[in-house]
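Chemist: Just a sequence and a predicted model for now, questions to come.
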Amino acid sequence: MRRREQYWVIVVAVLWLVGVIAQPHAQNRVGQINVGGTPSVSDAEAAAPVPRLADGHVDLTGPWLGGGSNGDLERDGGLKPGELPLLPWARELRDRRKPEAEPFTACLPMGVPRSTVYPWKFAMSYTSKGLTHIYVLHETGDAGAHRVVFMDGRAHPPDLLPTWFGHSTGRWEGDSLVIDTVGYNDRFWFDSRGTPHTEQLHTVERYTRINYGRLTNDFLLDDPGAFSRPVNLKFMARLLRPDLKTGGDLMEFICLEGNEYGAAADFIPGTGVQNK
């Protein structure tokens with residue numbers, strides 16, 4: 001088959017696949033994207049040694065697939081049914097939420113730790129002083145949103161405007177990257193089941209590359225507004241295969257539908273940054 005014919009066969013196949021896996025939950029909304037077929041390195045390849053960066057730290061860049069929860073935070077985090085310590089109001093809210101009300105299907109951000117279930121990577125930013133920022137980039141329709149992790153030793157500001165990804169500071173503990181985040185808004189769902197949280201949410205993620213192809217995320221969830229106690233969850237990410245035609249990297253995915261700057265988070269631009 002000539003190259004031109006091969007190209008159009010691929011285009012038609014991709015368009016058909018998108019139509020199958022991205023069916024809308026409701027009018028004017030996108031659907032959940034199925035990434036189950038995204039190829040990652042095999043178990044044999046994953047067992048290779050952990051690579052390191054020039055500064056001696058473990059290379060966590062990726063890109064990775066997985067490491068969070070999409071369908072059910074309780075199940076995906078390693079808990080048994082009913083073990084997630086939701087307060088009564090939060091459990092009742094989760095149980096009455098409907099798929100058509102899912103914020104992500106209206107092109108809104110997925111939040112933490114949900115955004116890492118789709119292909120994602122760490123992007124390291126260096127200056128003459130060393131590593132100063134880590135950006136978490138992900139292949140989902142969050143209108144180009146990315147997450148910033150400050151690695152320069154700063155503390156969380158005392159009065160944060162609640163945001164989708166909160167305010168994150170990071171540090172190295174041995175070969176693990178620890179990310180501490182506060183300042184979340186309460187608008188994203190932890191999973192498509194509708195597990196809620198409040199603006200009191202505080203998360204601590206501990207990322208450890210256990211071999212060449214696998215990355216663990218030991219996740220501490222602390223939200224006294226919605227949970228009776230802190231809870232520890234664990235997720236596993238898999239390294240994308242590097243021999244893909246796209247280079248084993250992230251692909252472009254755009255989701256912008258009827259949203260305006262500020263409207264999704266219910267604030268008016270130009271009115272200040274204080275949450276008062």
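Modeler: Okay, I see it. Residues are numbered from 1 along each chain as shown.
Chemist: By mean pLDDT, which helix or strand of the protein comes out lowest?
Modeler: Least confident element among the helices and strands of the chain, by mean pLDDT, DSSP states H and E: helix 3-21 (a mean of 40).
Chemist: What's the first helix or strand after it?
Modeler: As assigned by DSSP states H and E, the chain's next helix or strand after helix 3-21 is helix 43-46.
Chemist: what residues are up against residue 125?
Modeler: Contact partners of residue 125, counting by Cβ atoms under 8 Å, 6 or more residues apart in numbering, are 131, 132, 133, 134, 135. Quick note: C-beta positions are derived from backbone N, CA and C, even for glycine.
Chemist: go on, residue 250?
Modeler: Residue 250 touches 63, 119, 120, 121, 137, 138, 139, counting by Cβ under 8 Å, 6+ apart.
Chemist: 6 Å instead?
Modeler: Residues near residue 250 by Cβ atoms under 6 Å, 6 or more residues apart in numbering: 63, 119, 139.
Chemist: Show the model's pLDDT score for it.
Modeler: Predicted confidence (pLDDT) at residue 250: the value is 81.
Chemist: Let me know the distance separating it from residue 117.
Modeler: Distance from residue 250 to residue 117, counting by Cβ to Cβ, to the nearest Å: 14 Å.
Chemist: same check, this time on residue 94
Modeler: As judged by Cβ to Cβ, residue 94 and residue 117 stand 18 Å apart.
Chemist: One more: residue 73?
Modeler: Relative to residue 117, residue 73 is positioned 11 Å away (Cβ to Cβ).
Chemist: Need the pLDDT of residue 237.
Modeler: pLDDT, read off for residue 237, is 95.
Chemist: show me the contacts for it.
Modeler: 64, 66, 67, 215.
Chemist: now these in a markdown table, with secondary structure, distance to residue 158 and pLDDT?
Modeler: Shown next, in a markdown table, are those (DSSP: H, G, I helix; E, B strand; the rest coil; distance: Cβ to Cβ, whole Å; pLDDT from 0 to 100):
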| residue | secondary structure | distance to residue 158 | pLDDT |
| --- | --- | --- | --- |
| 64 | strand | 33 | 94 |
| 66 | strand | 35 | 92 |
| 67 | coil | 30 | 94 |
| 215 | strand | 33 | 97 |
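Chemist: Give me the buried positions along stretch 168-188.
Modeler: The neighbour-count check on stretch 168-188 (16 or more other Cβ atoms under 10 Å) flags 168-170, 176-185, 187-188 as buried.
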